[in-house]
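Q: Test case, fold it:
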Amino acid sequence: MAAEDLAALIADFTHRRVWAVVGVSADTRKFGYRVFKDLRQAGYRVYGVNPNLEELDGETIYPSLESLPERPEVVDLVVPPAVTEQVVQECARLGLTRVWMQPGAESEAAIEYCRRHGIQVVHDACAMVEKFRWPGP
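A: Next up, the predicted model:
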């Protein structure tokens with residue numbers, strides 16, 4: 001993807017205010033925790049998704065995208081590539097059309113799946129690095 005196209009896609013994603021972070025973690029050293037907290041502090045409505053976690057810092061954590069109380073506009077993946085490949089299939093089933101694969105979460109198979117199923121995908125870019133250019137709430 002050309003740099004201009006990636007920048008336009010990132011700009012579109014960041015104007016969306018409802019996100020799900022798949023792979024949220026209670027471990028403050030992990031990116032799943034940091035991305036979740038950073039997005040919330042930036043004024044986004046963020047739902048954490050992790051089937052092994054029920055609560056984080058007073059917030060309900062959900063076992064799946066399907067269990068969320070509302071449809072996220074962007075699904076941010078902070079999971080191993082094999083899990084990403086499963087989650088993008090869930091996104092397609094649920095009609096979710098924007099996926100951000102954090103560095104380390106992406107796989108060629110998942111990226112191709114997104115493209116074949118009409119899911120816009122950002123990869124090779126970290127939301128936390130890009131965040132300083134994002135619009136305010």
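Q: For the rest of this, base every contact and every neighbour count on C-alpha atoms.
A: OK.
Q: Quick one, grab the pLDDT at Q86.
A: Q86 is assigned a predicted lDDT (pLDDT) of 97.
Q: Contact partners for it?
A: Residues in contact with Q86 (Cα atoms under 8 Å, 6 or more residues apart in numbering): none are found.
Q: quick one: buried residues of the helix or strand harbouring it?
A: Q86 is part of helix 81-94, with elements assigned from DSSP states H and E. For helix 81-94, a neighbour-count test (16 or more other Cα atoms under 10 Å) marks P81, V83, T84, E85, V87, V88, Q89, C91, A92 as buried.
Q: Now find how far off-centre stretch 104-116 is within its chain.
A: Offset of stretch 104-116 from its chain centre (Cα atoms, centre = their mean, to the nearest Å): 13 Å.
Q: CA atoms only for it - export them in PDB, please.
A: Taking C-alpha atoms only, stretch 104-116 is exported to PDB below (Å, rounded to 0.1, in the frame of the first residue of the first chain):
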ATOM      1  CA  GLY A 104       3.300  -8.600  15.600                       C
ATOM      2  CA  ALA A 105      -0.400  -9.400  15.100                       C
ATOM      3  CA  GLU A 106      -0.400  -9.400  11.400                       C
ATOM      4  CA  SER A 107      -0.100 -12.300   9.000                       C
ATOM      5  CA  GLU A 108      -0.300 -12.400   5.200                       C
ATOM      6  CA  ALA A 109      -3.200 -14.800   5.400                       C
ATOM      7  CA  ALA A 110      -5.200 -12.500   7.700                       C
ATOM      8  CA  ILE A 111      -4.400  -9.400   5.500                       C
ATOM      9  CA  GLU A 112      -5.500 -11.300   2.400                       C
ATOM     10  CA  TYR A 113      -8.600 -12.500   4.100                       C
ATOM     11  CA  CYS A 114      -9.600  -8.900   4.900                       C
ATOM     12  CA  ARG A 115      -9.000  -7.800   1.400                       C
ATOM     13  CA  ARG A 116     -11.100 -10.600  -0.100                       C
END
